[in-house]
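1. Give me a 3D structure for the following:
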Amino acid sequence: MSYTGHCACGAVTVTLEGEPFGVGQCWCRQCQRIAAGSASNNAIFQASQVTTTGDLAVHTYPAESGNDSIQSFCAACGTPVFGGSSAMPHVVAVKLGIIEQPHDLRPGMVMWTSEAPAWAVIDPALPQFPKSPPIPAAEVS
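-> Okay, the predicted model is just below:
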């Protein structure tokens, strides 16, 4: 399976080969800022599964974990495209909003519930983590 997508203006395109190894919803404060107050919904792919064209701008900031959080967005229109962490350079969190519909990707877990606002609607059937879930292992060749 592969997925394609693009930013709001079409200047950045992505091709995602294969299936993500996870899809999650993040309620950390930084994701709330990026998602206009809501959670960020992300499909987690190995970096080797992701191809991008177009000009991405990158903002890096220190996360609560002590690692650097990396946010990539279209340099032309500002659409969030990817998230990542210096602790997991082999992983790319692709924002679900850029992936072309229809697709069957939907969150299978919720993280940073400790920072969710009181009005947040969180599916009680999904595994929940007050902070970050366990870090996935690096891809083995």
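2. What is the helix-or-strand element of the chain with minimal mean pLDDT packed up against?
-> Between all helices and strands in the chain, the lowest mean by mean pLDDT, DSSP states H and E belongs to helix 29-34, at a mean of 90. Where contact means 3 or more Cβ pairs under 8 Å, 6 or more residues apart in numbering; DSSP states H and E, helix 29-34 is packed against strand 40-46, strand 68-74, strand 80-85. To be clear about C-beta, it is placed using only N, CA and C from the backbone, and glycine gets the same treatment.
3. what about G5, neighbour count?
-> 21 (other Cβ atoms under 10 Å).
4. and it, what element?
-> strand 2-6 (DSSP states H and E).
5. Just want the angle from that strand to strand 40-46.
-> 130 degrees (axes from the mean of the first three to the mean of the last three Cα atoms, to 10 degrees).
6. how far out from the middle of the chain is strand 2-6?
-> Centroid separation for strand 2-6 versus its chain: 14 Å, with Cα atoms, centre = their mean, to the nearest Å.
7. Can you list the helices and strands that it packs against?
-> Using 3+ Cβ pairs under 8 Å, 6+ apart, strand 2-6 sits against strand 13-17.
8. Moving C-terminal from the strand it packs on, which element do we reach first?
-> Next element after strand 13-17 (DSSP H and E): strand 22-26.
9. any idea whether S114 is helix, strand or coil?
-> Three-state call for S114 (DSSP: H, G, I helix; E, B strand; the rest coil): helix.
10. hang on, the earlier thing: could I get the helices and strands packed on helix 29-34 as CSV with mean pLDDT and mean neighbour count?
-> Output for those, formatted as CSV (pLDDT from 0 to 100; neighbours: other Cβ atoms under 10 Å):
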stretch, mean pLDDT, mean neighbour count
strand 40-46, 96, 22
strand 68-74, 95, 19
strand 80-85, 94, 22
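11. closest one to W112 among the ones you listed?
-> Taking Cβ to Cβ, strand 40-46 is the member of the helices and strands packed on helix 29-34 nearest to W112, at 9.5 Å.
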